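**Student:** Sequence and predicted structure below; questions after.
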Number of protein chains: 2
Amino acid sequence: MKMERVAESLKSKVMSADAAAQLIKTGMVIGVSGFTSIGYPKDVPLALAASGHATDLSIYVGAAVGDEVDGELVRKGLIKRRYAHQSGKDLRNAINAGEIAYSDVHISHFPMHMNQKTGPNVDVALVECTAVTEDGLYLAASGGTADAAVRTADFVIIEVNKNLPMGLMGMHDIFEIGLPPNAKIIPITKPDERVGTPYIPCPPEKIAAIVMTEGHDEPQKFKPASPAIAKIGENVVSFLKGEIAAGRLPEDPGPIQSGVGTVGNAVLSGLASSGFKGLSMYTEVMQDSAIGLIEQGVFNFASTSSIALAEDTKKRFYENIDFFKDKIVVRPQEITNHPEISRRLGVIALNTPIELDIYGNVNSTHIMGTKMMNGLGGSGDFARNARISIFATESTAKGGAISCIVPMVSHVDQTEHDVAVIVTEYGVADLRWKTPKERVELIIENCAHPDYRPMLREYYEHAFEISAGKHTPHDLEQALSWHQRFLDTGSMKK
Amino acid sequence: MKMERVAESLKSKVMSADAAAQLIKTGMVIGVSGFTSIGYPKDVPLALAASGHATDLSIYVGAAVGDEVDGELVRKGLIKRRYAHQSGKDLRNAINAGEIAYSDVHISHFPMHMNQKTGPNVDVALVECTAVTEDGLYLAASGGTADAAVRTADFVIIEVNKNLPMGLMGMHDIFEIGLPPNAKIIPITKPDERVGTPYIPCPPEKIAAIVMTEGHDEPQKFKPASPAIAKIGENVVSFLKGEIAAGRLPEDPGPIQSGVGTVGNAVLSGLASSGFKGLSMYTEVMQDSAIGLIEQGVFNFASTSSIALAEDTKKRFYENIDFFKDKIVVRPQEITNHPEISRRLGVIALNTPIELDIYGNVNSTHIMGTKMMNGLGGSGDFARNARISIFATESTAKGGAISCIVPMVSHVDQTEHDVAVIVTEYGVADLRWKTPKERVELIIENCAHPDYRPMLREYYEHAFEISAGKHTPHDLEQALSWHQRFLDTGSMKK
């Protein structure tokens, strides 16, 4: 039987993007599908932007999506509030300027808040789909908060994208946890377990409009790995091999979670070249490298909330979707990032900070403590609940003007309690079981850039002197002076 | 059948405390039972201290225990390393002086590290028991990390305390999660579900010594609630009633977690006087107020890792233990504080900070950013995974010389992402869904002490001015100046 994109009984709901956009009114909350620019609606947002009839919109979406939502609607000034993760330039500027209200929240917490209705409820869910049946919605290549949006919305607008391969149907696993006191156990004990339905359940009467589209997701762009980043990858892999050799990790060290970006890609490449086979991922985003590693057998399986690929890799993935179908499951972010599962599976978490300090606190979001870069994302979900929480970064930024290791971070997103291992191109600091004073030594001597080591030692020695009999020496007058110096002079160097 | 304290087949292992202490050698890791001064061994530590033959000891224990361990052994200089939570004065001073190595860790993480053996393994488990059989160890009135210690230790020394009521047998529920990739689902879906055994399984051959004792736990001491603290209790209860009225919480708002101290007691009293009935607790420590509320029917059930009572209440509890037996379960801290359960049950978490800042970041551990007070405890476990995470504190300390609300906290234990609601004697700031700039307004105007409001406003207005186009305004030169002023002058006031 040939599957149809739109079930016969729903075809009467098909309309133009312009007509569907008219269903959205000023002040509404729109729950949008998509995660890291994959599987987000395109034509209805563009129609909304062109019409401009609806203003003061609130957008709820799992993570940063494409320019049709996070760019066009922003530039037209139609968005009043925006949750949860973001990374686009125009949106970020509007957030920093206070033109769009934004509150940063853990990826795993946001759908919980939507489901528990602790904030304004979703009026309309706007969801890109591969197909829609009387059972419900078959998503594109992401999970995100689409399920929470459909569940809680008053009505649903669907974009059925004819460019998506029908083979995406069946790749998702949608599981509804429910609300306390009736919240369910999430019965996942292995990354490849399927515990829900391949579609988001949705009664047909809730669907207000279906729009047929042919747009494309924004392709992901990756910088090639610098020699420093390649070295970080090697250092992480060497650390993991050491843990296995010492018997602290099994031969298969556990599902890998890897944050978005070149560092994550470098680590995955390092795993491949080190002879690992048959590993798995339990992560929020799969990038190009992960697709390659499945093809090579380094990964047997990946659980993710988004398959975010560059153009060429996406083409290969779509053309060979039958090969990948039993090797990937796409889940809602509430499940991919849920503490229950990360902890049970023993995820190895790998994330990238903006900066970290000599005691192991991590800043993931704020440049110089004030300017929001990207949102927190899932870093906190995984760092807190992982078997080993690794943060990896180059030791400097801005051509050396910024040390990524500072006396005190200017904003804390992950505390010292959630940061187990720090890796830079210079080495590894294993902070587990270490006192603050022991951490300082490891972080400065193993991880900091040699240019900054004397300055860091000088800070610490002075702090130690004036903090006699204190657990965590600091000189509060100088703790943030490196950031202030950068603001004043353009460099953290004296 | 009359239960015996020590099974017949184990009686040959009974010896004096001095003889048992001799089994402990220099450099050993001792896994100690107890949690918040309840159910810890007494005679063997005292014998160790008196003998002094074993030095450089590492002590692993769930949370601060009594003076026999956290005082005597410290003053004799026998402890080299100490994990995880602590609160005793001598121990704290030794930690701050760097004489004892201490690394602060989430209550839920520590037994995970013990089980996964990421640090030095336990040589000997030293456990106070009500009784011991061939099945295993029946604990005193706490759970803590005793199960992890027995599981991972090379050998076990038991103190059987004849002063403990036999009725404590059956009050515990010990569940072994296991290690990834074979970690089990924790099948608790209600606070009163029992999923394990009432004893810690232990093969008889692992038991090296049994010591018969008659000591007493240090009674808990509580300050009476000041009018300010009583007002905090009222404000919390009024907030919860508002959430119920708005339909954001069910009539039974969910199991209560309450941190140790007078604020927690005040909130529980407030629940009682507001007519709540049939509630439950899912917490790490039960205090006197909780026992009273069970007697009154305000609580139907409490799940805890410790029953920490003042002398009179303990007497009442022991004498009426049959009444309490089906109303309390004592669990290992790995289970009471596990994110899987807090999140599933929708725990209402109530914790007390040292200080918090205008953006909602919380310092739970470090005075003026440097001096360790008590450890982190379970605050992070519950704050991150609760349905609603409340932090409640008086608005000032040290007779007004310290504002508990500052421009920037001097140490971060709970980030802005994990702090939902702030309560002081002046009011409530509901931070959910709020931007940093919106949070400032709520925290200063609703919660700060009126004496400090003008100073806080002045800081923020200046920070806002110099941080144009930034999400989280700060003046890094002044952000920690309140703490520095206190260090210099003894007051945060100008």
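**Tutor:** Yep, it's here.

**Student:** quick one: the longest helix anywhere in chain A to chain centroid distance?
**Tutor:** Ranked by residue count, the top helix of chain A under DSSP state H comes out as helix A:227-245. Its chain's C-alpha centre and that of helix A:227-245 lie 22 Å apart, by CA atoms, centre = their mean, to the nearest Å.

**Student:** which residues does A:Glu394 contact?
**Tutor:** Residues counted as contacts of A:Glu394 (CB atoms under 8 Å, 6 or more residues apart in numbering or on different chains) are A:226, A:228-229, A:232, A:404, A:424-425. Glycine gets a C-beta too; all of them are placed from N, C-alpha and C.

**Student:** Following the record's annotation, map out the domains of chain A.
**Tutor:** Structural domains assigned to chain A are A:8-213, A:227-489, following automatic domain parsing.

**Student:** Among the ones you listed, which comes closest to B:Ser289?
**Tutor:** When the domains of chain A are compared by CB to CB, domain A:8-213 sits nearest B:Ser289, at 23.0 Å.

**Student:** Is any residue of the closest one near chain B?
**Tutor:** Yes: judged by CB under 8 Å from any CB of the partner chain, domain A:8-213 and chain B are in contact via A:83, A:93, A:95-98, A:101-106, A:109, A:112-113, A:116-120, A:179-181, A:183-185, A:187, A:189-190.

**Student:** Put the buried members of those into a ChimeraX selection.
**Tutor:** Here is the ChimeraX command that picks out the buried ones among these, judged by 16 or more other CB atoms under 10 Å in any protein chain shown:
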select /A:83,95,96,98,101,102,103,104,105,106,109,112,113,116,118,119,180,181,183,189
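
**Student:** Rounded mean pLDDT for stretch A:59-78, please.
**Tutor:** For stretch A:59-78, the mean per-residue pLDDT is 97.

**Student:** CA atoms of it as CSV?
**Tutor:** Below are the C-alpha coordinates for stretch A:59-78, written out as CSV (Å, rounded to 0.1, in the frame of the first residue of the first chain):
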residue,chain,number,x,y,z
ILE,A,59,7.2,31.4,20.1
TYR,A,60,7.8,28.2,21.9
VAL,A,61,10.3,25.9,20.2
GLY,A,62,12.7,23.3,21.4
ALA,A,63,15.9,24.8,20.0
ALA,A,64,17.1,27.4,17.5
VAL,A,65,15.3,27.0,14.1
GLY,A,66,15.7,28.4,10.7
ASP,A,67,15.5,32.0,9.4
GLU,A,68,11.8,31.7,8.4
VAL,A,69,11.0,31.7,12.2
ASP,A,70,14.0,33.0,14.1
GLY,A,71,14.9,35.6,11.4
GLU,A,72,12.0,36.8,9.4
LEU,A,73,9.5,37.1,12.2
VAL,A,74,12.1,38.8,14.4
ARG,A,75,13.1,41.4,11.7
LYS,A,76,9.4,42.1,11.2
GLY,A,77,9.1,42.8,15.0
LEU,A,78,6.3,40.3,15.4
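
**Student:** Could you check how far it is from the centre of its chain?
**Tutor:** 17 Å.

**Student:** What of stretch A:135-145?
**Tutor:** 17 Å.

**Student:** ok, and for it, which residues are buried?
**Tutor:** Taking 16+ other CB under 10 Å as the neighbour-count basis, stretch A:135-145 is seen to contain the buried residues A:136-145.

**Student:** Give the bridge partners for A:Ala209, please.
**Tutor:** Taking DSSP bridges, one obtains A:Ile157 as the residues bridged to A:Ala209.

**Student:** How many residues are close by it?
**Tutor:** The burial metric for A:Ala209, expressed as a neighbour count using other CB atoms under 10 Å in any protein chain shown, is 23.

**Student:** correct me, but it touches A:Lys13?
**Tutor:** Yes: A:Ala209 sits in contact with A:Lys13 when judged by CB atoms under 8 Å, with a separation of 5.9 Å.

**Student:** follow-up on the earlier one: among the domains of chain A, which comes closest to B:Ala50?
**Tutor:** Nearest to B:Ala50, of all the domains of chain A, is domain A:227-489, at 28.1 Å by CB to CB.

**Student:** tell me the mean pLDDT for that closest one?
**Tutor:** Per-residue pLDDT values across domain A:227-489 average out to 96.

**Student:** Now do the contacts for the residue in the stretch 51-200 of chain A positioned nearest to chain B.
**Tutor:** In the stretch 51-200 of chain A, no residue comes nearer to chain B than A:Pro180, which is 2.6 Å away by CB to the nearest CB. For A:Pro180, the contact set (CB under 8 Å, 6+ apart) comprises B:254, B:344-346, B:387.

**Student:** if we can go back for a sec, and the residues of domain A:8-213 next to chain B, which of them are in strands?
**Tutor:** The strands, defined by DSSP state E, take in A:83, A:101-102 from the residues of domain A:8-213 next to chain B.

**Student:** got JSON lines for those residues, with pLDDT too?
**Tutor:** Written out in JSON lines, the entries for these read as follows (pLDDT from 0 to 100):
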{"residue": "A:Tyr83", "pLDDT": "97"}
{"residue": "A:Ala101", "pLDDT": "98"}
{"residue": "A:Tyr102", "pLDDT": "98"}
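
**Student:** from those, which single one is nearest A:Gly196?
**Tutor:** Closest approach between these and A:Gly196, by CB to CB: A:Tyr83, at 23.9 Å.

**Student:** out of everything not next to it in sequence, what's closest to the closest one?
**Tutor:** Nearest residue to A:Tyr83, sequence neighbours excluded (CB to CB, 6 or more residues apart in numbering or on different chains): A:Tyr60, at 5.2 Å.

**Student:** With A:Gly88 instead?
**Tutor:** Nearest to A:Gly88 is A:Asp70, by CB to CB, 6+ apart, at 4.1 Å.

**Student:** Pop out the phi and psi values for the one you found.
**Tutor:** Backbone geometry at A:Asp70, expressed as degrees, to the nearest 10, gives phi -80, psi -10.

**Student:** show me the contacts for A:Tyr40.
**Tutor:** Contact analysis of A:Tyr40 by CB under 8 Å, 6+ apart lists A:32-34, A:61, A:65-66, A:68-69, A:128, A:142, A:217.

**Student:** give me that answer again for 7 Å
**Tutor:** By CB atoms under 7 Å, 6 or more residues apart in numbering or on different chains, the contact list for A:Tyr40 reads A:32-34, A:65-66, A:69, A:128.

**Student:** Show me which strand runs longest in chain A.
**Tutor:** In terms of residue count, the longest strand belonging to chain A (DSSP E) is strand A:124-132.

**Student:** Which strands or helices does it pack on?
**Tutor:** strand A:29-32, strand A:136-139, helix A:146-152, strand A:155-161 (3 or more CB pairs under 7 Å, 6 or more residues apart in numbering or on different chains; DSSP states H and E).

**Student:** Need the contact partners of that strand.
**Tutor:** A:3, A:5-7, A:10, A:23-24, A:28, A:30-34, A:39-41, A:44, A:137-140, A:146, A:149-150, A:153-161, A:164, A:166, A:168-169, A:210.

**Student:** roughly how far is that strand from the heart of the chain?
**Tutor:** If you compare the mean C-alpha spot of strand A:124-132 with that of the full chain, they lie 21 Å apart, counting by CA atoms, centre = their mean.

**Student:** Kindly report the same for stretch A:304-321.
**Tutor:** Centre-to-centre, stretch A:304-321 and its host chain are 17 Å apart (CA atoms, centre = their mean).

**Student:** do the same with stretch A:482-494
**Tutor:** The gap between the average C-alpha position of stretch A:482-494 and the chain average comes to 30 Å, counting by CA atoms, centre = their mean.

**Student:** How about stretch A:151-158?
**Tutor:** Counting by CA atoms, centre = their mean, stretch A:151-158 is centred 24 Å from the centre of its parent chain.
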